[in-house]
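Asks: fold the stuff below for me.
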Amino acid sequence: MKLLAVCSYGVGSSMILKISMDRVFEELGVDAEVENLDMYSADGVKCDAIFTSPQLFDQFKQSANVPVYAIRKYMDMAEVKSSIEEFLEYYTKKEA
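Replies: Coordinates of the predicted model:
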């Protein structure tokens, strides 16, 4: 599965979110590819879900054909894990 961590410029915030997501996937024992991108590049990338800020959530929710998750605190492992678990539940049902 491929997931995107997206922020406005694709440098700072999205990299922090990517690191948090990688840690959660490692903890859960799930193999996932997480790529951090800026909001413009993300539009053309095929993925299974987009994780982004609440500020960008509406933009992606309107245009994306995959689930979009808003993360308020990128370093809050409980929040990141909760969103990832929500995605994994969706993904498991979709693949079944």
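Asks: centroid residue for the chain?
Replies: Per Cα atoms, centre = their mean, the C-alpha nearest to the average position across the chain is that of residue 51, at 2.6 Å.
Asks: distance of it relative to residue 28?
Replies: 15 Å (Cβ to Cβ, to the nearest Å). Using the backbone N, CA and C atoms, a C-beta is placed for each residue, glycine as well.
Asks: for the helix ranked longest in the chain, what is the average pLDDT?
Replies: If you go by DSSP state H, the chain has its longest helix at helix 77-95. For helix 77-95, mean pLDDT rounds to 95.
Asks: my read: residue 2 touches residue 47, true?
Replies: Yes - if you go by Cβ atoms under 8 Å, residue 2 and residue 47 touch, sitting 4.7 Å apart.
Asks: for those two, list the residues in contact with both.
Replies: residue 35 (Cβ atoms under 8 Å, 6 or more residues apart in numbering).
Asks: higher neighbour count, these two?
Replies: More neighbours surround residue 47 than the other of residue 2 and residue 47, with 19 against 13 (other Cβ atoms under 10 Å).
Asks: need the contact list for the more buried one.
Replies: Counted by Cβ under 8 Å, 6+ apart, residue 47 has contacts 2, 3, 4, 35, 66.
Asks: what lies in contact with stretch 75-94?
Replies: The contact list for stretch 75-94 (Cβ under 8 Å, 6+ apart) reads 1, 3, 16-17, 20-21, 23-25, 27-28, 30, 48-49, 51, 67, 69, 71-74.
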